[in-house]
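>>> Generate a structure from the sequence data that follows.
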Amino acid sequence: MPAPAAPPSTWKGLHRAAAFQGAATAVLLLVGAYQGVMAIASAPAQQRLRPTLNLSSFLAGRTTAAVNYVMAHQLPADPLLRASGGVFRYALFGSGGPQVRIGCDETMFLTEELRPWPNADVAMAERAEGVRRVQAALAARNIALAVAVVPDKARVAADKLCGVPHSAQAAARYDAFLAALRARGIEPIALLPALSAQQRQPGGAFYRTDTHWNQAGARAAAQAIAQAVQNRDLTRGEEFRTTAAAEETDGPGDLLRITSLDHVPNAVRPDPDRERKETTAAPEGGDSGGGSLLDETPSPEVALIGSSYSVNANFHGALQEALRSTVFNGATAGGGFAGAAATYFSGETYRESPPRLIIWEIPERVVPQPLTEAERAFIARW
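Here you go, the predicted structure:
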């Protein structure tokens, strides 16, 4: 017996559903095409694509790779999608994703500080040997070297981990690296006591939502360094003055950026740090930018090389005030172990106006990681 025919209303409903699905698909395709066109048309995308717009790059696959990169990183909707993912992870699971762990009091930690690294002892020994070679070469030019090792936030603020895993290797490496330096005749400036003392004060020594020391921590580190090098032959005796902004603003918050929570409401993320931003004035009344070699003032007697710790939280200004001496700041964000050192020692400033003292700031978290080719080349130079 044949099945009864569907009533007309059913057919109309099916047609409407099919039409809706077709329209939705068309809209999605149009939105996707728009996103792709806008991504390709953006200035960063054009800069990346332009060198690959030739036959040899196309045949080698470099053009395709560049397009894939643009589509993965330059879509206009990408910030919204990343923020949505960050909010989802944090709100539902209290997670910061693969690069960030969240302890108590909304304190965020970089996973890089917590994990073990393969052959860490070998990497630390190679870097310690590199420091020894640099020190010996500088001593031959009557230039003193002071090495300041910055302990991890996870070490100084360990009471805020609250169950966040901290590997045994990570827990031991600070003392291990200091021991490796001492075995090579280098007495490092151990900043851990000063930062630990500051951590016990209101506000602590590190930002909650950033991996770096805060302004109070930077001052504590600067004062510890100044005390350690007080017998060096520095003659300036300059006066510096640090002032704080009248209004509070958000702190740097690099860990909020890493978790894609930097542009979402405070209700769905850890509250940003707040601070009155400090600046340190040079004796002439300018800022503490680094001692220009183009004016008529004498060249700085002190040079600072290091990582983003040395360019954050007014550390450079605090160091000048603590030393009472102008400091040339050759540190670079992302400099790691020797990025800034390689640039500084290859530059005109070091060749033409060598200082009496070089302060080399080294973050603990970089010393156990495998050496890069650039680091090996830097060490081999000495």
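>>> mind checking pLDDT for G94?
Note on G94: pLDDT of 83.
>>> Show the secondary-structure elements that the strand or helix carrying R219 is packed against.
Assigning secondary structure by DSSP states H and E places R219 in helix 215-228. When contacts are defined as 3 or more Cβ pairs under 8 Å, 6 or more residues apart in numbering; DSSP states H and E, helix 215-228 packs onto strand 144-150, strand 189-190, helix 192-199, helix 315-323. For every residue, glycine as well, the C-beta is placed using N, CA and C.
>>> Now with 6 Å, please.
helix 192-199, helix 315-323 (3 or more Cβ pairs under 6 Å, 6 or more residues apart in numbering; DSSP states H and E).
>>> Check these for me and report the most buried one.
helix 315-323 (a mean of 26; mean count of other Cβ atoms under 10 Å).
>>> hang on, the earlier thing: could you point out which of the helices and strands packed on helix 215-228 sits nearest L59?
L59 sits nearest to helix 315-323 of all those, at 49.0 Å, using Cβ to Cβ.
>>> Between strand 144-150 and the closest one, find me the angle.
130 degrees (axes from the mean of the first three to the mean of the last three Cα atoms, to 10 degrees).
>>> helices or strands up against whatever helix or strand comes next after helix 315-323?
Going down the chain from helix 315-323, the next helix or strand is strand 327-329, by DSSP H and E. For strand 327-329, the elements it packs on are strand 302-305, helix 315-323, judged by 3+ Cβ pairs under 6 Å, 6+ apart.
>>> Just send those back as a markdown table, with mean pLDDT and distance to F93 too.
A markdown table is the format used below for the helices and strands packed on strand 327-329 (pLDDT from 0 to 100; distance: least, Cβ to Cβ, whole Å):
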| stretch | mean pLDDT | distance to F93 |
| --- | --- | --- |
| strand 302-305 | 98 | 40 |
| helix 315-323 | 97 | 34 |
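>>> Save the ones you listed as JSON lines, and put in distance to D175 too.
Shown next, in JSON lines, are the helices and strands packed on strand 327-329 (distance: least, Cβ to Cβ, whole Å):
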{"stretch": "strand 302-305", "distance to D175": "24"}
{"stretch": "helix 315-323", "distance to D175": "24"}
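>>> How about E375: what's its closest non-neighbour residue?
A338 (5.2 Å; Cβ to Cβ, 6 or more residues apart in numbering).
>>> So the one you found sits against R376, correct?
No: assessed by Cβ atoms under 6 Å, A338 is found out of contact with R376, at 9.8 Å.
>>> tell me the domain boundaries of this protein?
12-76, 104-381 (automatic domain parsing).
>>> Would you tell me which one of those is buried the most?
Each of those was scored by mean neighbour count; the highest is domain 104-381, a mean of 18, by mean count of other Cβ under 10 Å.
>>> end-to-end on it?
Domain 104-381 has an end-to-end distance of 45 Å (Cα to Cα, to the nearest Å).
>>> Kindly report the same for stretch 109-127.
OK, stretch 109-127 end separation, Cα to Cα: 24 Å.
>>> And the contacts of that stretch?
99, 101, 152, 154, 166-167, 169-170, 177, 180, 211, 337, 365, 367-371 (Cβ atoms under 6 Å, 6 or more residues apart in numbering).
>>> Secondary structure element for E113, which one?
helix 111-114.
>>> repeat for A137
A137 belongs to helix 120-139, assigned by DSSP H and E.
>>> Report the angle between that helix and strand 144-150.
Going by the same axes, to 10 degrees, helix 120-139 makes 150 degrees with strand 144-150.
>>> Can you show me the strands along the stretch 1-150 of the chain?
100-102, 108-110, 144-150 (DSSP state E, counting those that start in this stretch).
>>> so can I have JSON lines of these showing mean pLDDT and distance to H263?
Output for the strands of the stretch 1-150 of the chain, formatted as JSON lines (pLDDT from 0 to 100; distance: least, Cβ to Cβ, whole Å):
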{"stretch": "strand 100-102", "mean pLDDT": "97", "distance to H263": "16"}
{"stretch": "strand 108-110", "mean pLDDT": "98", "distance to H263": "16"}
{"stretch": "strand 144-150", "mean pLDDT": "98", "distance to H263": "29"}
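>>> May I see the ones you listed organised as JSON lines, with distance to P188 added?
Listed next are the strands of the stretch 1-150 of the chain as JSON lines, based on distance: least, Cβ to Cβ, whole Å:
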{"stretch": "strand 100-102", "distance to P188": "27"}
{"stretch": "strand 108-110", "distance to P188": "22"}
{"stretch": "strand 144-150", "distance to P188": "5"}
